[in-house]
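*Asks:* model this:
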Amino acid sequence: MADEITLTVPREKPFYRVAHLVLGGLAVRLDLTFDTLEDLQVALAGLLSREDTGDGDVTVAVRVLPDALLAAIGPFEADVLQREWDSDADFGLRRILETVCDGVQVTDRNGGRYVELTKSLRTVSA
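*Replies:* Numbering: from 1, shown residues only. Predicted coordinates for the structure are as follows:
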């Protein structure tokens, strides 16, 4: 069974720092490289800093597997997320996420649209 951390915070920017702090603490615990942590932080910031993220709370669920970290972030407004996802912009959401993560997909879960990220774990060798 994989370890999972689930954090639900209000959709207000000051609370997003808590999500970044939890992710950073997890990275330290797992002895992740700085590059891996930075990629995860960029992905999280890209999703949370969007203009129209929806109403209510946002959930960040992170599951630790032996060789990867899986994160699900959401829910997001389906139509808005789809427009951003399909955008051809050079620095669009999809391009950013696909650059910093090893796997990205949009799924429906718990009645909302979530972005699921996969990042392989590369630990620092002593």
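*Asks:* ranges for the strands of this protein?
*Replies:* Here the chain has its strands, by DSSP state E, at 3-10, 57-64, 68-76, 103-109, 112-120.
*Asks:* List the buried residues for the first one?
*Replies:* Burial within strand 3-10, assessed by neighbour count using 16 or more other Cβ atoms under 10 Å, is assigned to 7, 9. (Glycine included, C-beta is placed from N, CA and C.)
*Asks:* May I see the buried residues of stretch 35-50?
*Replies:* Residues 36, 37, 39, 40, 41, 43, 44, 46, 47, 48 are the ones in stretch 35-50 that count as buried (16+ other Cβ under 10 Å).
*Asks:* need the contact list for the residue nearest to the spatial centre of the chain.
*Replies:* Against the mean C-alpha coordinate of the chain, by Cα atoms, centre = their mean, the closest residue is residue 44 at 4.1 Å. Shown in contact with residue 44 (Cβ atoms under 8 Å, 6 or more residues apart in numbering): 19, 20, 23, 60, 71, 73.
*Asks:* correct me, but the second one touches residue 43?
*Replies:* No - applying Cβ atoms under 8 Å as the test, residue 20 and residue 43 come out as separate, 11.0 Å apart.
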